[in-house]
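Participant: coordinates for the following, if possible.
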Amino acid sequence: MDSRSLSALIVRILGVIIIINVIGLVPGLVRDYLALRGVGNDAARMDAAQQNAVIVSALMVAEISIGLALIYFPKSIANRMVSAAMPAEGGGGFAALQRICFSTLGLYWMVAGLNGLAFGYAKFKLYYAVTESVPGYAKLPVLDPDTFAGLITDGLTFALGLILLLGSRGFAGLLARIRGYDA
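Facilitator: This next block holds a predicted model:
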């Protein structure tokens, strides 16, 4: 199997993984939305539920579109990645595949981090709408610890994905130096 076919397979598998992740999130999101809609007739909660549904749905459509593009156009994406990663003299197949693997892993982590950030933002907006609609109780913190930890984790995941995507050549070179061969 040549490097272009292998990289096309890697890209197609990444598309499948992204779509499976998005489909796996749907039941929990629908459950949360229906539970929130059934809480009461408070207008602020209903508006927050609808805004959250729009934000999360738009993000899910974008992620599914990215996944479908990776599934249906892996050759063109892989050819662009391989031609950018291959040196002019034509050698370096293993290092080029390492760069492609780092790039696809970075893209996956960016999409996963972006998904988590959008979900955390929607959860924050929902939490804020619910706490504002209950004025008779003690003031709750603006952000619950789980949402804060999730936002930090997803932000770091997105940043690590961006670093891997943009710095794949450097990481492949570092691995080559550690293993003792030229990249």
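Participant: next, the nearest residue to M110 once chain neighbours are set aside: secondary structure please.
Facilitator: Nearest residue to M110 in three dimensions, chain neighbours excluded: G161, at 3.5 Å (CB to CB, 6 or more residues apart in numbering). Using the backbone N, CA and C atoms, a C-beta is placed for each residue, glycine as well. Secondary structure state of G161, per DSSP: H, G, I helix; E, B strand; the rest coil, is helix.
Participant: equivalent analysis for L143, please.
Facilitator: Criterion first, three-state DSSP; result for L143: coil.
Participant: count of neighbours near it?
Facilitator: Residues lying near L143 (other CB atoms under 10 Å) number 15.
Participant: D146 now?
Facilitator: Neighbours of D146 (other CB under 10 Å): 11.
Participant: in the longest helix that the chain contains, what counts as buried?
Facilitator: Criterion DSSP state H: the longest helix present in the chain is helix 93-132. For helix 93-132, a neighbour-count test (16 or more other CB atoms under 10 Å) marks 95-127, 129-130 as buried.
Participant: likewise for stretch 152-169?
Facilitator: For stretch 152-169, a neighbour-count test (16+ other CB under 10 Å) marks 154, 157-158, 161, 163-165, 167-169 as buried.
Participant: got a markdown table for these, with pLDDT too?
Facilitator: Below are those laid out as a markdown table (pLDDT from 0 to 100):
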| residue | pLDDT |
| --- | --- |
| D154 | 90 |
| T157 | 92 |
| F158 | 92 |
| G161 | 89 |
| I163 | 88 |
| L164 | 86 |
| L165 | 82 |
| G167 | 81 |
| S168 | 76 |
| R169 | 75 |
